[in-house]
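Asks: compute the structure for the input listed below.
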Amino acid sequence: MEKRIRNEVKRLIDSQLNVEYIETENLFHNSNRGIIIRSVSVPSGLYVDRHKRNVTEVDILVNIPFAYPRVRLDMFWVSPYVFDKKTFRVDAYCQRGIPFKGSLWQMWSKHHREWNPIEMDLESHYLMARQCLERGW
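Replies: Presented below is the predicted three-dimensional model:
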(Lines give C-alpha, C1' and ligand atoms only; values in the text may rest on other atoms or scores of the structure.)
Protein backbone atom coordinates (compact mmCIF):
# COMPACT_ATOMS: atom_id res chain seq x y z
CA MET A 1 0.00 0.00 0.00
CA GLU A 2 1.35 3.40 -0.94
CA LYS A 3 2.40 5.71 1.87
CA ARG A 4 -0.31 8.32 1.21
CA ILE A 5 -3.08 5.72 1.18
CA ARG A 6 -1.67 4.06 4.30
CA ASN A 7 -1.68 7.42 6.11
CA GLU A 8 -5.23 8.21 4.96
CA VAL A 9 -6.52 4.81 6.10
CA LYS A 10 -4.75 5.27 9.45
CA ARG A 11 -6.46 8.67 9.93
CA LEU A 12 -9.86 7.10 9.26
CA ILE A 13 -9.14 4.34 11.77
CA ASP A 14 -7.87 6.91 14.31
CA SER A 15 -11.21 8.73 13.96
CA GLN A 16 -12.92 5.56 15.28
CA LEU A 17 -14.07 4.20 11.92
CA ASN A 18 -13.96 0.47 11.20
CA VAL A 19 -11.94 0.44 7.95
CA GLU A 20 -10.79 -2.55 5.88
CA TYR A 21 -8.22 -2.04 3.10
CA ILE A 22 -8.76 -4.33 0.09
CA GLU A 23 -6.44 -5.47 -2.68
CA THR A 24 -7.93 -8.04 -5.01
CA GLU A 25 -8.12 -8.94 -8.66
CA ASN A 26 -10.69 -7.09 -10.73
CA LEU A 27 -12.28 -5.01 -8.00
CA PHE A 28 -13.18 -2.38 -10.59
CA HIS A 29 -12.17 -1.70 -14.18
CA ASN A 30 -9.65 0.97 -13.12
CA SER A 31 -8.40 -0.50 -9.87
CA ASN A 32 -7.72 -3.53 -7.76
CA ARG A 33 -7.88 -1.74 -4.42
CA GLY A 34 -10.33 0.04 -2.20
CA ILE A 35 -11.59 0.41 1.34
CA ILE A 36 -14.70 -0.73 3.14
CA ILE A 37 -15.90 1.44 6.01
CA ARG A 38 -18.08 -0.79 8.16
CA SER A 39 -21.20 -0.01 10.21
CA VAL A 40 -21.79 3.60 9.17
CA SER A 41 -24.93 5.00 10.81
CA VAL A 42 -27.70 6.35 8.58
CA PRO A 43 -30.81 8.22 9.75
CA SER A 44 -33.37 5.82 11.17
CA GLY A 45 -36.58 5.70 9.17
CA LEU A 46 -35.04 6.84 5.89
CA TYR A 47 -34.05 3.53 4.28
CA VAL A 48 -35.26 -0.07 4.15
CA ASP A 49 -33.65 -3.19 2.70
CA ARG A 50 -35.22 -5.43 0.03
CA HIS A 51 -37.27 -7.15 2.76
CA LYS A 52 -38.60 -3.72 3.87
CA ARG A 53 -36.69 -3.91 7.16
CA ASN A 54 -35.47 -0.61 8.60
CA VAL A 55 -31.79 0.06 7.85
CA THR A 56 -29.80 2.03 10.44
CA GLU A 57 -26.26 1.08 9.33
CA VAL A 58 -24.54 0.48 6.00
CA ASP A 59 -21.07 -0.49 4.88
CA ILE A 60 -19.45 1.93 2.41
CA LEU A 61 -17.12 0.69 -0.34
CA VAL A 62 -14.73 3.16 -2.00
CA ASN A 63 -12.72 2.36 -5.12
CA ILE A 64 -9.15 3.72 -5.13
CA PRO A 65 -8.09 4.20 -8.80
CA PHE A 66 -4.56 3.32 -9.91
CA ALA A 67 -3.82 6.99 -10.64
CA TYR A 68 -5.06 8.23 -7.24
CA PRO A 69 -4.53 10.93 -6.00
CA ARG A 70 -3.98 12.56 -9.41
CA VAL A 71 -7.45 11.38 -10.41
CA ARG A 72 -10.47 11.85 -8.18
CA LEU A 73 -12.20 9.30 -6.04
CA ASP A 74 -15.47 8.71 -7.81
CA MET A 75 -18.78 7.35 -6.52
CA PHE A 76 -19.24 4.96 -3.63
CA TRP A 77 -21.17 1.75 -2.99
CA VAL A 78 -23.28 0.71 0.00
CA SER A 79 -24.38 -2.61 1.41
CA PRO A 80 -27.07 -3.54 2.07
CA TYR A 81 -28.83 -2.30 -1.04
CA VAL A 82 -31.25 0.34 0.27
CA PHE A 83 -34.63 1.70 -0.78
CA ASP A 84 -36.54 4.84 0.19
CA LYS A 85 -38.76 3.82 3.11
CA LYS A 86 -41.81 5.82 1.96
CA THR A 87 -41.83 4.86 -1.73
CA PHE A 88 -39.73 1.65 -1.76
CA ARG A 89 -37.94 3.14 -4.77
CA VAL A 90 -34.29 3.67 -5.61
CA ASP A 91 -32.86 6.95 -6.89
CA ALA A 92 -32.03 6.87 -10.62
CA TYR A 93 -28.34 7.41 -9.80
CA CYS A 94 -28.26 4.52 -7.34
CA GLN A 95 -29.81 1.60 -9.25
CA ARG A 96 -26.78 -0.40 -10.35
CA GLY A 97 -25.38 -3.08 -8.09
CA ILE A 98 -22.19 -5.13 -8.06
CA PRO A 99 -21.58 -8.40 -6.23
CA PHE A 100 -18.50 -8.30 -4.00
CA LYS A 101 -17.42 -10.27 -0.91
CA GLY A 102 -20.73 -12.11 -0.72
CA SER A 103 -22.93 -9.00 -0.78
CA LEU A 104 -24.69 -6.90 -3.38
CA TRP A 105 -23.21 -3.39 -3.32
CA GLN A 106 -25.42 -0.52 -4.49
CA MET A 107 -23.64 2.11 -6.57
CA TRP A 108 -24.24 5.72 -5.57
CA SER A 109 -23.24 7.83 -8.57
CA LYS A 110 -22.26 10.91 -6.59
CA HIS A 111 -19.21 12.92 -7.57
CA HIS A 112 -16.95 15.71 -6.38
CA ARG A 113 -17.56 18.69 -8.64
CA GLU A 114 -13.88 19.58 -8.49
CA TRP A 115 -10.95 17.47 -7.36
CA ASN A 116 -7.97 18.98 -5.58
CA PRO A 117 -5.48 16.19 -4.76
CA ILE A 118 -3.72 18.38 -2.21
CA GLU A 119 -6.83 19.10 -0.15
CA MET A 120 -9.04 16.08 -0.88
CA ASP A 121 -8.56 12.49 0.18
CA LEU A 122 -10.31 9.34 1.43
CA GLU A 123 -11.67 11.23 4.43
CA SER A 124 -13.25 13.99 2.35
CA HIS A 125 -14.77 11.33 0.08
CA TYR A 126 -16.17 9.50 3.11
CA LEU A 127 -17.67 12.78 4.37
CA MET A 128 -19.30 13.38 0.97
CA ALA A 129 -20.78 9.86 1.10
CA ARG A 130 -22.09 10.51 4.64
CA GLN A 131 -23.76 13.73 3.50
CA CYS A 132 -25.43 11.93 0.58
CA LEU A 133 -26.69 9.17 2.87
CA GLU A 134 -27.96 11.63 5.46
CA ARG A 135 -29.86 13.66 2.82
CA GLY A 136 -31.48 10.61 1.31
CA TRP A 137 -30.40 10.42 -2.35
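
Asks: the closest residue to Ser124 other than its chain neighbours: what's it in contact with?
Replies: Leaving out its chain neighbours, the residue that sits closest to Ser124 by CB to CB, 6 or more residues apart in numbering is His112, at 7.9 Å. Just so you know, the C-beta spots here come from the backbone N, C-alpha and C atoms, and that holds for glycine as well. Residues near His112 by CB atoms under 8 Å, 6 or more residues apart in numbering: Arg72, Leu73, Asp74, Met120, Ser124, His125, Met128.

Asks: how does it look with 7 Å?
Replies: Arg72, Met120, Met128 (CB atoms under 7 Å, 6 or more residues apart in numbering).

Asks: which one of the residues you listed is nearest to Lys52?
Replies: Nearest to Lys52, judged by CB to CB, of those is Met128 at 27.9 Å.

Asks: A helix includes that closest one, no?
Replies: Yes - secondary structure assignment (DSSP: H, G, I helix; E, B strand; the rest coil) places Met128 inside a helix.

Asks: before we move on, the earlier item: distance of the residue nearest to Ser124 from Val40?
Replies: Distance of His112 to Val40, given as CB to CB, to the nearest Å: 19 Å.

Asks: just checking, what packs against the lowest-mean-pLDDT helix or strand in the chain?
Replies: Least confident element among the helices and strands of the chain, by mean pLDDT, DSSP states H and E: strand 18-28 (a mean of 83). With contacts taken as 3 or more CB pairs under 7 Å, 6 or more residues apart in numbering; DSSP states H and E, strand 18-28 sits against helix 3-14, strand 31-41.

Asks: return the most buried member of these.
Replies: Neighbour counts (mean count of other CB atoms under 10 Å) averaged over each of the helices and strands packed on strand 18-28 peak at strand 31-41, with a mean of 17.

Asks: tell me the first helix or strand C-terminal of that one.
Replies: The helix or strand immediately downstream of strand 31-41 is strand 47-48, counting by DSSP states H and E.

Asks: give me the sheet partners of that next one and which way each runs.
Replies: Strand pairing for strand 47-48, determined by DSSP bridges: strand 54-55 (antiparallel), strand 83-84 (antiparallel).
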